[in-house]
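*Asks:* compute the structure for the input listed below.
(one chain, ligands or ions: 1)
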Amino acid sequence: MNGKKQKSPYLRLLLVLPFLFTCTLPQNPDVSDITAAETPAEEAAADLSRETRGELVRGDNLIDMLLREGLEGELANALVLAVAPHVDMVRLQPGQRGFFTYGCDGVLVKFQFEESDGTLVEARLEGEDILVDIKHPLLTTRVVLVRGTVESSLYNAAVDCGMPLNVFMDMIQLFSFDVDFQRDIYRGDYFDAAYEVVYNGRGEVSGYGEVVMARLFTRGAAEEHHCYRYVKLDGTRDWYDDDGGTVRKELLKTPINGAYISSGFGTRVSPITGYSHKHKGVDFAAPQGTPILASGKGTITYIGWSDVYGWYIQLRHTNGYSTLYGHMSAFAKGMRLGSFVDQGQTIGYVGSTGMSTGPHCHYEVIYYGSKINPATMKFPPGESLKGDDLALYQLERKSLISSFF
Ligand SMILES: [Zn+2]
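*Replies:* So this is what the prediction gives:
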């Protein structure tokens with residue numbers, strides 16, 4: 001305890017709320033809006049101006065783009081000389097853009113060259129002079145909400161609603177502690193996902209951020225799984241359920257990124273579906289070579305061959321749990337007896353070795369020596385939110401929900 005007075009969480013909420021949905025991330029204090037006109041005169045001129053754009057192609061020097069634009073050689077040379085000190089000429093990439101602004105009289109008034117980080121090096125022609133300015137990108141983050149409905153697979157649902165693949169993978173990972181993606185996803189199930197989209201000063205998407213909120217409706221929408229991102233007062237962030245419990249559990253229910261899993265309905269047949277006293281494990285069908293993830297932190301207590309499991313790995317975790325992963329096509333690099341692995345680390349790849357009729361991962365959970373059904377295991381939640389964090393989380397969560405639904 002350093003005795004420093006902590007800011008009230010409610011005060012923080014007031015500060016945070018306006019930024020929840022649109023937050024501007026200036027990268028430099030003297031940032032200026034790239035498109036804003038500065039004076040009424042400029043504004044009037046801007047109305048009549050015309051902008052064209054050029055692009056570097058393979059093997060181009062900067063001057064090639066200017067000549068292709070139709071500028072005369074002398075002007076093109078002068079512009080290149082003016083911007084050169086501010087442009088990383090050695091690392092020019094095909095696709096880098098230049099923007100040419102012409103006045104109403106058709107004369108070039110401005111040339112902007114875009115660096116790979118979005119910075120614009122701007123050269124303004126004023127009489128005989130060329131004035132150079134550096135415009136740092138004004139990035140804006142907005143949160144967008146999409147709904148994906150499962151027609152053929154979760155993956156296709158994400159593609160259909162335009163969700164970027166890496167954000168979708170992140171969302172699936174957050175639910176893989178609670179959801180068996182092979183058995184729990186039915187046709188017609190759906191998810192709502194809110195995630196960050198980063199825009200540059202031209203209003204173009206320049207990247208994607210994190211999942212802010214996600215709800216997954218499974219088993220014919222009979223079950224709901226919710227998670228919300230929350231930044232704790234100590235600055236760390238994680239994803240939590242409705243009660244403020246972390247969504248990360250001791251073991252994953254699905255030891256493969258669920259995005260790769262063939263859905264339980266439809267064409268899939270080969271692996272044995274379901275846990276029974278004869279088949280004491282769960283089979284996850286996925287394409288050959290799909291990474292298999294350690295479902296919890298642990299130590300490799302077996303790595304090798306068995307006629308039944310083929311190439312397989314067994315891990316020992318804390319609290320009496322072990323897990324086993326069978327039919328691998330290969331082990332991940334560096335895996336050997338006694339290796340320590342982290343939760344979610346790739347330990348091997350899906351195959352069809354041993355007694356198997358098609359590529360899948362046979363997954364067993366063993367509790368003090370007895371095989372248990374991973375589909376029904378209920379792990380106590382990890383570190384839950386408490387005190388001020390919990391109160392603030394609930395306020396932020398409610399305001400998120402009410403802003404979207
Ligand atoms: Zn099996």
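
*Asks:* output the below-cut-off pLDDT ranges for the stretch 1-150 of the chain.
*Replies:* 1-48 (pLDDT under 70).

*Asks:* oh, that last question was meant for the stretch 201-350 of the chain, not what I typed.
*Replies:* 262-274.

*Asks:* what parts of it come near the ion?
*Replies:* 281, 283 (Cβ under 5 Å from the ion). Heads up, the C-betas are built off the backbone N, CA and C, glycines and all.

*Asks:* pairing partners for the closest residue to the ion within the stretch 201-350 of the chain in the sheet, please.
*Replies:* Closest to the ion within the stretch 201-350 of the chain is Asp283: 4.1 Å, counting by Cβ to the ion. Applying DSSP bridges to Asp283 gives these bridge partners: His362.

*Asks:* my read is that it contacts Glu364, right?
*Replies:* No: at 10.4 Å, Asp283 and Glu364 do not qualify as touching, with contact defined as Cβ atoms under 8 Å.

*Asks:* all the strands of the stretch 301-405 of the chain, in order from the start?
*Replies:* 310-316, 321-331, 340-341, 346-350, 360-367, 370-372 (DSSP state E, counting those that start in this stretch).

*Asks:* need those strands in CSV (columns: mean neighbour count and distance to Glu151).
*Replies:* Putting these into CSV (neighbours: other Cβ atoms under 10 Å; distance: least, Cβ to Cβ, whole Å) gives the following:
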stretch, mean neighbour count, distance to Glu151
strand 310-316, 21, 34
strand 321-331, 22, 29
strand 340-341, 16, 36
strand 346-350, 21, 24
strand 360-367, 23, 23
strand 370-372, 13, 34
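
*Asks:* from Lys378, how far off is the residue of the stretch 201-350 of the chain closest to the ion?
*Replies:* With distances taken as Cβ to Cβ, to the nearest Å, Asp283 is found 21 Å from Lys378.

*Asks:* the two: which is more packed in?
*Replies:* Higher neighbour count among Asp283 and Lys378: Asp283, with 23 against 7, using other Cβ atoms under 10 Å.

*Asks:* and the residue of the protein that's closest to the ion?
*Replies:* Closest point on the chain to the ion, by Cβ to the ion, is His362, at 3.5 Å.

*Asks:* just checking, that residue touches Met328?
*Replies:* No: distance between His362 and Met328: 9.5 Å, which falls outside the contact criterion (Cβ under 8 Å).

*Asks:* which residues are in contact with each of the two?
*Replies:* Tyr312 (Cβ atoms under 8 Å, 6 or more residues apart in numbering).

*Asks:* run through the helices of the protein in chain order.
*Replies:* In the chain, the helices defined using DSSP state H lie at 9-21, 40-48, 62-68, 73-83, 154-160, 165-175, 387-404.

*Asks:* adding mean neighbour count and distance to the ion, write these out as CSV.
*Replies:* Converted to CSV, the helices of the chain look like this (neighbours: other Cβ atoms under 10 Å; distance: least, Cβ to the ion, whole Å):
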stretch, mean neighbour count, distance to the ion
helix 9-21, 13, 45
helix 40-48, 12, 66
helix 62-68, 18, 58
helix 73-83, 16, 63
helix 154-160, 19, 22
helix 165-175, 20, 22
helix 387-404, 16, 39
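
*Asks:* closest one to Gly351 among those?
*Replies:* helix 154-160 (20.8 Å; Cβ to Cβ).

*Asks:* which other helices and strands contact the closest one?
*Replies:* strand 138-149, helix 165-175, strand 190-199 (3 or more Cβ pairs under 8 Å, 6 or more residues apart in numbering; DSSP states H and E).

*Asks:* can you tell me which of those is nearest to Thr236?
*Replies:* helix 165-175 (16.0 Å).

*Asks:* farthest from the middle of this structure: give me that residue.
*Replies:* Residue farthest from the centre of the chain, counting by Cα atoms, centre = their mean, is Glu128 at 48.5 Å.

*Asks:* look up phi and psi at it.
*Replies:* phi -80, psi -10 (degrees, to the nearest 10).

*Asks:* my guess is Tyr275 meets Val282, correct?
*Replies:* Yes: using Cβ under 8 Å, Tyr275 makes contact with Val282 at a distance of 5.8 Å.

*Asks:* out of the two, which sits in the busier spot?
*Replies:* A direct count of neighbours by other Cβ under 10 Å for Tyr275 and Val282 places Val282 higher, at 25 against 21.

*Asks:* that older thread, now for Tyr275 and Val282: what residues contact both?
*Replies:* 373-375.

*Asks:* quick check: beta-bridge partners of Met213?
*Replies:* Bridge pairing for Met213 - DSSP bridges - gives Ala194, Tyr228.

*Asks:* about what we covered before: just give me the closest of the shared contacts of Tyr275 and Val282 to Thr254.
*Replies:* Pro374 (8.9 Å).

*Asks:* domain-wise, how is this structure divided?
*Replies:* 7-27+139-249+380-405, 30-136, 258-372 (automatic domain parsing).

*Asks:* which residues touch the residue of the chain closest to the ion?
*Replies:* With Cβ under 8 Å, 6+ apart, His362 has these contacts: 271, 281-283, 309, 312, 324-327, 356.

*Asks:* just want the most central residue of the chain.
*Replies:* Nearest to the chain centroid, counting by Cα atoms, centre = their mean: Val167, 3.2 Å.

*Asks:* leaving out the residues flanking it, which one is nearest to that residue?
*Replies:* Among residues not flanking Val167 along the chain, Tyr195 sits closest, at 4.8 Å (Cβ to Cβ, 6 or more residues apart in numbering).

*Asks:* if I read this right, that neighbour contacts Tyr208, doesn't it?
*Replies:* Yes: with contact taken as Cβ under 8 Å, Tyr195 and Tyr208 are classed as touching, separated by 6.6 Å.

*Asks:* now do the shared contacts for the two.
*Replies:* With Cβ under 8 Å, 6+ apart, Tyr195 and Tyr208 have common neighbours 164, 167.

*Asks:* the two: which has the busier surroundings?
*Replies:* More crowded of Tyr195 and Tyr208, by other Cβ under 10 Å: Tyr195, with 23 against 18.
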